[in-house]
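1. Give me a model of this one.
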Amino acid sequence: MSLSSSLRCETVESNDATTLLEEYSRVRRHSEELIVPLNPEDMTVQSMPDASPAKWHLAHTTWFFETFILSENLPGYRQFDPTYQYLFNSYYEALGPRQPRPKRGMITRPTVEEVLQYRRHVDAHMSTLLKSPVSADMDALLRLGLAHEEQHQELLLMDLLHLFSQSPQRTAYDPEWRTDLPGRSGRFRHVSGGLMDVGAVTSVFSFDNEGPRHRVWLQSFEISDRLVTCREWLAFMEDGGYRRAELWLSDGWAMAQLSGWEAPLYWVRADSGWQEMTLGGLRSLVMDAPVTHISYYESDAYARWAGARLPSEAEWETAVAENVLEQVDGIAWQWTQSAYGAYPGYRPAQGALGEYNGKFMVGQMVLRGGASITPVGHSRPSYRNFYRPEQRWMFSGLRLARDAGQIDTHADARNTFAADVIAGLSARHKRLPPKYFYDAVGSRLFEEICGTEDYYITRSETALLRKVAPELAADIPAGAVLVELGSGDSTKTRLLLDAAPQLSAYVPIDISADALGDASALLARDYPALNIVPVVADFTRHFSLPAAAVAHPRVGFFPGSTIGNFDRDDAVRFLRSVRQVLGDDAVLLVGVDLVKDPSILTAAYDDSGGVTARFNRNALLRINRELRGNFDVEAFSHLALWNAAHCRMEMYLVSRKDQIVSAASHTFAFRAGEPLHTENSHKFTVETFTSLAADGGWSVSKTWLSEAPQVALFRLEPTQGNR
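-> Below is the predicted model:
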């Protein structure tokens with residue numbers, strides 16, 4: 001019997017024998033329709049222990065009706081073949097020994113034709129039985145058997161896809177098999193919490209693990225109205241999702257390493273791009289269709305990477321009741337974060353059928369919904385499917401959930417992002433502000449850049465800070481507040497925090513809430529006496545300091561040569577804005593990169609490992625993730641150039657072909673060879689930066705230079721009378 005669900009019999013009395021017989025005939029006929037594309041060789045092979053041969057599915061579902069209905073209810077019925085009791089029992093201990101599941105593929109006899117004869121024999125006797133009125137108990141048992149056969153119709157297709165994927169010919173089950181349709185990315189929908197009723201409502205039939213219906217308390221939450229797409233999954237892969245242990249549960253990471261996972265089960269890398277093995281054969285990946293054939297472990301890792309989580313099964317069921325979800329069934333079963341267990345008040349059935357239920361309620365996770373291979377009408381909102389967390393051959397996908405308020409907190413930032421993208425891509429010379437590099441993925445990639453051999457800036461600046469930190473700390477008054485602009489992971493900041501224990505508070509400001517939250521949590525652990533007050537803000541625009549920083553002396557910290565990303569006029573405006581926020585008595589520490597040999601600069605912005613290229617392309621992936629974009633990142637090349645006239649490095653993404661892309665409900669045309677300007681990084685001399693600072697309302701009080709390749713650290717004080 002299928003491992004995909006347990007069984008429940010909620011019944012009403014039914015004596016409509018004609019309707020029952022018609023339903024029985026329809027379900028049984030569909031199983032045989034599914035084997036029409038197959039030959040006898042296809043139907044005997046077992047591709048792995050979790051799968052079963054198609055012939056076994058046909059025989060086992062027939063054995064169910066013979067064993068549980070005919071033998072008990074049709075007077076004088078004789079078994080078709082007593083040996084079938086051993087061959088086609090699944091796991092019913094009460095019914096005696098059985099063929100081991102991993103060896104079902106060894107059953108070459110009976111033949112396919114003999115199994116079909118078995119089906120005809122049982123069907124003929126079932127027809128005789130169902131031509132007379134049946135009791136409520138018989139009605140319940142019959143509906144259970146029909147639902148059981150529908151489960152095996154799903155399993156038959158799952159097992160065939162796995163079997164055909166093993167063939168070097170990539171055999172198609174049905175060349176006309178419909179591909180899942182592409183669509184937009186999901187949007188988070190709010191669902192109010194409270195005391196909710198979940199579980200099956202009494203009906204003609206439901207599986208027993210769907211009840212009893214009971215109440216659960218749910219906090220308000222947000223859930224995506226659509227499933228995660230292949231394009232979104234590719235972004236996870238390109239950000240090293242399968243290589244980053246911190247995203248994975250321990251058992252999942254061990255399984256991924258042991259099994260060599262690097263993509264969903266049926267994805268195949270080809271010269272032309274990713275392909276996917278389907279029931280229609282090997283096909284090009286449909287980028288905006290939902291991703292399928294992923295394990296619970298992979299789904300959980302993706303959700304962590306996306307800054308979200310999987311929904312609980314109660315949240316999923318409640319969202320369906322609220323009518324806020326699309327793609328509920330018809331594409332993929334959807335993983336939840338709920339372990340498969342008994343509902344309050346659950347009791348297994350008596351007798352052999354009771355084995356189908358509670359004994360599987362350990363070590364498995366619940367999926368909800370329905371798949372493209374699910375028979376019409378088989379699934380329902382309360383239906384609890386379940387599999388082990390490492391299994392992938394079923395048609396499984398995911399949708400994301402979040403705690404309530406997680407999205408709305410950043411609504412203004414998203415609207416600003418969309419406006420800047422629309423303006424930048426609509427310009428004659430297309431551009432994107434570099435601040436949008438730094439979402440959670442971009443922040444991690446920048447940390448990786450900083451560790452490359454080619455990128456000297458972080459290494460040189462860190463060495464310089466370590467050397468001069470005592471001198472910097474000596475000028476910081478007791479009780480001062482350190483305010484860092486664009487804090488990122490706050491690694492360099494620790495050098496100042498260690499050298500200046502007299503600081504009363506640290507205010508990191510960053511546009512990336514994810515990076516800011518992670519860094520602040522680590523600092524709070526390591527500096528328990530320090531008041532850490534993170535601020536999610538775009539520091540290039542006006543922002544306000546928290547109350548903890550207002551009544552204390554303030555020290556601004558702006559390392560990393562980020563000042564070089566501004567054009568001169570914007571840099572002047574920025575420095576004036578920072579002076580206004582920090583106040584006339586503040587000090588500002590600014591790190592800048594100095595002019596040097598262009599070959600050193602070019603290597604730093606086009607590193608040999610290609611990390612900067614991934615960082616640059618992530619701006620397009622972020623547009624895809626957050627603004628429903630459809631950029632193909634492989635259609636853009638990374639380019640880094642030294643502009644001697646303006647003393648700056650310039651980064652571009654260059655379109656490799658004529659193409660039309662969409663984002664934020666707008667479309668944009670790119671010509672082959674057309675550049676998208678993503679960053680300037682100005683380089684300075686001591687003299688040019690001193691001049692810039694003066695125009696911004698600051699005077700240089702001290703300067704420190706690193707060893708080659710040189711960077712500089714400037715201590716700035718407000719110019720008196722210049723506001």
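
2. Would you agree residue 189 is in contact with residue 222?
-> Yes: with contact defined as Cβ atoms under 8 Å, residue 189 counts as touching residue 222 (6.5 Å). Where you see a C-beta, it was placed from the backbone N, CA and C, and this is true even at glycine.

3. Please say which of those two ends up with more neighbours.
-> residue 222 (23 against 17; other Cβ atoms under 10 Å).

4. Identify the residues contacting the more buried one.
-> Contact partners of residue 222, counting by Cβ atoms under 8 Å, 6 or more residues apart in numbering, are 188, 189, 190, 191, 401, 402, 403, 404, 406, 407.

5. switch to 6 Å and redo it
-> 188, 190, 402, 404, 407 (Cβ atoms under 6 Å, 6 or more residues apart in numbering).

6. And for residue 703?
-> Contacts for residue 703 (Cβ under 6 Å, 6+ apart) come out as residue 714.

7. Tell me which helix or strand it sits in.
-> Residue 703 is part of strand 698-705 when elements are defined by DSSP states H and E.

8. Now that strand: buried residues?
-> 698, 700, 704 (16 or more other Cβ atoms under 10 Å).

9. Quick check: residue 44 vs residue 467, distance?
-> 74 Å (Cβ to Cβ, to the nearest Å).

10. Oh, that last question was meant for residue 435, not what I typed.
-> Counting by Cβ to Cβ, the gap from residue 435 to residue 467 is 30 Å.

11. which one of these two has more residues nearby?
-> residue 435 (20 against 14).

12. so that one sits in a helix?
-> Yes: read with DSSP: H, G, I helix; E, B strand; the rest coil, residue 435 is one of the residues of a helix.

13. give the contact list for it.
-> residue 511.

14. Kindly report the same for residue 571.
-> 563, 692.

15. which SSE is it in?
-> Residue 571 belongs to helix 568-582, assigned by DSSP H and E.

16. Dump that helix to CSV, restricted to CA.
-> Extracted in CSV, the C-alpha atoms of helix 568-582 (Å, rounded to 0.1, in the frame of the first residue of the first chain):
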residue,chain,number,x,y,z
ARG,A,568,31.5,64.4,-6.3
ASP,A,569,28.3,66.5,-6.0
ASP,A,570,26.5,63.6,-4.3
ALA,A,571,29.5,63.0,-2.0
VAL,A,572,29.4,66.7,-0.9
ARG,A,573,25.6,66.5,-0.2
PHE,A,574,26.1,63.2,1.7
LEU,A,575,28.9,64.7,3.9
ARG,A,576,26.8,67.7,4.7
SER,A,577,23.8,65.5,5.6
VAL,A,578,26.0,63.3,7.9
ARG,A,579,27.2,66.4,9.7
GLN,A,580,23.6,67.5,10.2
VAL,A,581,22.7,64.1,11.7
LEU,A,582,25.8,63.7,13.9
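
17. Counting neighbours, which bits of that helix end up buried?
-> 571, 572, 574, 575, 576, 577, 578, 579, 581, 582.

18. tell me the mean pLDDT for it?
-> Averaged over helix 568-582, pLDDT sits at 89.

19. From the rest of the structure, what touches the following helix or strand past it?
-> As assigned by DSSP H and E, the chain's next helix or strand after helix 568-582 is strand 587-593. With contacts defined as Cβ under 6 Å, 6+ apart, strand 587-593 is touched by 457, 461, 555-561, 563, 683-684, 689, 711-716.

20. Show me what the longest helix along the chain is packed against.
-> Counting residues, the longest helix found in the chain (DSSP state H) is helix 136-165. Packing contacts for helix 136-165, counted by 3 or more Cβ pairs under 6 Å, 6 or more residues apart in numbering; DSSP states H and E, involve helix 17-34, helix 54-65.

21. if you average pLDDT over each of these, which comes out lowest?
-> helix 17-34 (a mean of 91).

22. Centre of the chain to that one, how far?
-> Centroid separation for helix 17-34 versus its chain: 39 Å, with Cα atoms, centre = their mean, to the nearest Å.

23. now swap in stretch 262-271 and tell me
-> Put simply, stretch 262-271 sits 17 Å off its chain's centre (Cα atoms, centre = their mean).

24. Flag every buried residue along that stretch.
-> Under 16+ other Cβ under 10 Å, the buried positions of stretch 262-271 are 263, 264, 265, 266, 267.

25. And the strands in the stretch 351-500 of the chain, which stretches?
-> 365-370, 385-387, 396-397, 401-403, 481-485 (DSSP state E, counting those that start in this stretch).
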